[in-house]
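Undergrad: Sequence first, predicted model second:
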Amino acid sequence: MIRVKNLNFGYGSSEELVLRHVNLHINSGDIALICGPTGSGKSSLLKCFNGLVPHFTGGTMSGEVLVNGKAIQGRQPRQLAETIGYVNQQPEGSFVGDTVEDELVYGMEQLGFTRSKMQGQLDWVCRRFDLGPLLERNLNQLSGGQQQKVAIAAALAAGQRVLLLDEPTSALSPDAAQEVLAILRDLAKNDGITVAIVEHRIERVLDLVDTVITVHGDGSVTQGSKQTQFTDYRYAPPLVELSQKLNWPAIATSLEAALPHWDSSKVTITERLPEVSEKTPDVALRVENLTAGYGNGDVIKNANFALNHSSVTALMGPNGSGKTTLLSALLGTLKLKFGTISTIDGNPVHMKPERRLRLITAVPQQASDLLFLNTVSKELAESDKFGGLANGTTARILESLTGRIDPQRHPRDLSAGQQLSLTLAIQLANGAKILLLDEPTRGLDYQAKHRLAKQIIRLRNEGHCLLVSSHDVEFVAQIADRVLEINQGQIKATSSTETALGPNSPHPTQLASLSQSNNLLSVGQVWPA
Amino acid sequence: MPLPKAENFHPTTWWILGLLLALTASMSTDPMLMVSICLINVTLLLVFRGESNWAQSLNFYLALAAIVIVTRVVFRVIFNFSDPSAPAVLQLPAIELNLGFGMKSSLLGRVSAQAFFSALTDGFRLAAIILSVASANTLANPRKLLKATPGALYEVATAVVIAINLAPQLIASLLRVRQARQLRGRSKGLSSLASIVTPALEDTIDSSLALAASMDTRGFGRKGQVSSTTIAISRTATALALLAAVLGIFFLLSGSGNWLAALAFLITIGATSISLRATSKQGLRSRFRVIKFQGKDLAVISFGIATLALSMALGA
Amino acid sequence: MTLKKSPWFRLLITSLSGLASLMMFAWPLFISVGSEPRYSQTVFLILMPVLLVLLLVEYSAGGIDSRQIALLGVLTALNAVIRMLGAGTAGIETSFFLIIISAYVFGSSFGFLLGATSLLVSALLTGGIGPWLPFQMMAAALLGLLAGSLPKVKSTWLQTANLIIFAFVGSFIYGGLMTLWNWPFLAGQGSTVSYLPGGSIADNLSRFIQYEIFTGGLVWDLGRAITTSVLILLTAPALLATLNRAANRAGFVKPLV
């Protein structure tokens, strides 16, 4: 269905090709996974299939892309609209209509379908995606999973035979992701629709895919089965990583597949987190009877806890449970209604912002919100100047965190991981020992998460007190000394990470489920005996 | 039988009625008629308005109408020509002001009854026009109106729909960036505007690219065949409409003929609709939901026409 | 064949509409004795939207692609939101600086459309729709059109200086036009600060200036001109860089013909 021959694509000179000599083939009715590290060009490859590359991205492209036997070179995306459906990373940002029905018929209207034909197609997608009851609903009243279903339905409503999806499940809860993936399986197997998915949460789609296309980041692209593609793939989910580490004869793509291998493996298990050499067990931050919220509503209700130096605490809870609000209250950006926050240096809420910044600091969910200058070096210089620091202080912190970043680059062109490191360096430059991170793993691939985990552990060992909000259990298992669970604004008793993510908890890590052991949460602890 | 709500009418119906009522008010010199048009509009609003938020603005428009009436009268009282022959209703001390550059002004003084009542009449006429627009705007759902725009305005309507849908997200993102800035310890003042707007603008541009990709991959911008005759027709009609408009304005302002002006404006309206029709033909697009005029729409419009005709007959 | 835009045709209809719009704003200055002002007032309330539609169609239909529409949509939203948030702070007019800067980067056609849609959407969001809206839209659209045709200079500082001067003059004129529009409505006829049919333009202008002074309109217009210039001074270097980056992000937005 999709055949690519000797494709090259790049923005500048030939040495910097994003995609080099790409050859691949996706059969009719197959589901293909396109994976690779962040910024490797996997989205670009997907966009080559429908003309978005180069028409919407710029750059030059050579070679041949055939869809359904026809070459698509030189054709605008709109000229391929009846053959290929495409769904963006964020469905809510790609809606054009007001209601579900508007959105579903939009493509057909653009293509000039007759009303009876539109009605027929509309009936089909409503049945297929179970959208009948939602037709009249306003698009922004839908849940994330429903929005994703509408976006996929709208991309196929005009009878497209090829579906391109850019990270369809990364913003979804596990249940919603399962529902969307079940529909995709159906579309491929029963309707014969060819599906290509870019996804970095590989573990979610692994079970589903027929062929794996890996974009390696150096321009090269390979294609093969799950087994061949994942034998030495470095950006892999825990089970795949474990399969590689223990040299299992086959890569495990599900828990069931992993169990027999695990049972027959001989392994040594090490401590999850390194010992802190100079223990400073004193309390860094104490919160008593804290109540906070917006207007009349209390989002955080009567919270009590304390955080130590040289420790990482993970703040976990479902969406909307008050994680971000709690962080805002600790930072003083949200007024407390009741309660006290104390540190050795006093109550940060009553401090001037400049002084508070030397005590407690944070990186928000979208780290790039803090970046507003047009080169990395200007950002670093501004940070030195603001803090009254010696030239190059912030740059040195950045280097210690992540290595060198080209100072002339635009902060917006950095990868999500680099943006995070840059923001972290700027925030740490003022010497704060208490650091709050809000969902830091959004948009990071497994390698970037590993690097971030190392940075966090280093800060912990240097005596920092870290509070990290996250719902990424695998990541929390790599960093957290303990877990603070929050639900509907209530802080439940703190627990050890082993209890919170262990085999008997509601959200165990993959390794905990596999080993059924309380002392094994993360692949980093396992070594071949 | 309960009356249908405003939402069940064609969205342009209310605008046509509003324009007819505004026309009626502006053609007349009878203050009672203007008061009745104000009352008609308020009644329409109270009877037909729905629950949605765009329909909650009655108070705003009523306040505005009141302000206009009061301003008009106050202006006449403060900046008033004293006409010694007319009977006075108010006798105030006069103030002479020299504004420099040879401009002199006299304030207050003697106010004649005739001046007072003509100001009041003008005020009510304006209030009637404002309330006519207000009832049209309040009763016609703007989103439905955008869907009923002719094909020639499709692109602009699309941009407007995008903007309306995106605004709430943008408010959230601006507030988020502003809060993030506080995290970096920088001030919240006016000087911080660039650093708040820049990240928001970057996000905005990224999302516009994503949105454009989503529109284009679904066929937005596909064009049908247009004959050169159609293009010629649309251009000629546009030029004709504008030329007639300029001439009409000239006739109207120079006092050289209201009927000539009326003819010119009719040509403008006619040529505009021809131009819009011709331009609308170039798209390949079809529409799934076509909102049609129904009996009740015609009834509402007839009511407007009858009001206009009646007031003109009475005036003559 | 597709509809190609002819620059001469565009120039013709833009000047015709510009002339007509100017007359519809400034009529109290030169209306003659024999004319009926209340007819003019009402007719113009209908005629201005008609003109606006014709120009919007000319500047958009068939000649603008999905990327420009989407950019227009999101910039309009940003503008409307900034205007809404700014309205709270002591009458500061925050809607124009972004129209002017964006028009300067993306060209006069884009500027025209952005000016019109920004005012429309902010009125839709705040419920401030009234007979004045088409006039505001036309004035802002023409402001965008002019900002888009400012000469393109190399240095950012010259660009900023250019824009600041334009913003000051442009937003002052915008304010003047809108006051001119509400003048006959609020002051009516027959007072010392209302227009005098058949009077000389100089006489009427002096009455208008008195009206501006007494109503505080002049202060308001000056305030708008100053805030717009200050906002441009504060944000232009950063925003120009951001928008130019977007325009240059290969193939993103080619200037409209």
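TA: That came in fine, so what should we check first?
Undergrad: When you work out contacts or count neighbours from here on, use the C-alpha atoms and nothing else.
TA: Will do.
Undergrad: Counting neighbours, what do you get for residue B:285?
TA: Applying other Cα atoms under 10 Å in any protein chain shown, we find 25 other residues in the vicinity of residue B:285.
Undergrad: Give the helix, strand or coil label for it.
TA: coil (DSSP: H, G, I helix; E, B strand; the rest coil).
Undergrad: quick one, what contacts it?
TA: For residue B:285, the contact set (Cα atoms under 8 Å, 6 or more residues apart in numbering or on different chains) comprises A:109-113.
Undergrad: and residue A:224, how many neighbours does it have?
TA: For residue A:224, the count of nearby residues is 16 (other Cα under 10 Å).
Undergrad: Quick check: pLDDT value at it.
TA: Residue A:224 carries a pLDDT value of 94.
Undergrad: before we move on, what about the one 5 residues further on?
TA: You'll see residue A:229 listed with a pLDDT of 91.
Undergrad: What residues does chain A have near chain C?
TA: Within chain A, the positions near chain C by Cα under 8 Å from any Cα of the partner chain are A:55-59, A:373-374.
Undergrad: from the residues you listed, which ones fall inside helices?
TA: Assigned to helices by DSSP state H, the following of these qualify: residue A:55.
Undergrad: Can you lay out the residues of chain A next to chain C as CSV showing neighbour count and distance to residue A:514?
TA: Below are the residues of chain A next to chain C laid out as CSV (neighbours: other Cα atoms under 10 Å in any protein chain shown; distance: Cα to Cα, whole Å):
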residue, neighbour count, distance to residue A:514
A:55, 21, 47
A:56, 22, 45
A:57, 18, 43
A:58, 16, 46
A:59, 18, 46
A:373, 21, 47
A:374, 18, 47
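Undergrad: Need the max-distance pair from the residues of chain A next to chain C.
TA: Pairwise distances across the residues of chain A next to chain C (Cα to Cα) peak at 28.3 Å, for the pair A:55 and A:373.
Undergrad: Neighbours of residue 68, how many?
TA: By default, I'm working from chain A. Residue A:68, neighbours per other Cα under 10 Å, totals 16.
Undergrad: Switch to chain B, please.
TA: 22.
Undergrad: how about the strand or helix carrying it: buried residues?
TA: Assigned by DSSP states H and E, residue B:68 belongs to helix B:58-78. Of the residues in helix B:58-78, B:58, B:61-62, B:65, B:68-78 count as buried by neighbour count, 16 or more other Cα atoms under 10 Å in any protein chain shown.
Undergrad: again, but for stretch A:375-388
TA: Buried residues in stretch A:375-388 (16+ other Cα under 10 Å): A:375-384, A:387.
Undergrad: Next: stretch B:264-275.
TA: Within stretch B:264-275, the residues scored as buried using 16+ other Cα under 10 Å are B:264-269, B:271-275.
Undergrad: And the residues you listed, which is closest to residue C:185?
TA: Distances from residue C:185 to those, taken by Cα to Cα, are shortest for residue B:265, at 22.1 Å.
Undergrad: Same list (the buried residues of stretch B:264-275) but as CSV, adding distance to chain C.
TA: Formatted as CSV, the buried residues of stretch B:264-275 follow (distance: Cα to the nearest Cα, whole Å):
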residue, distance to chain C
B:264, 11
B:265, 8
B:266, 10
B:267, 12
B:268, 8
B:269, 8
B:271, 10
B:272, 7
B:273, 10
B:274, 11
B:275, 8
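Undergrad: need those residues in CSV with secondary structure, can you?
TA: Below are those laid out as CSV (three-state DSSP):
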residue, secondary structure
B:264, helix
B:265, helix
B:266, helix
B:267, helix
B:268, helix
B:269, helix
B:271, helix
B:272, helix
B:273, helix
B:274, helix
B:275, helix
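Undergrad: Cheers, nothing more for now.
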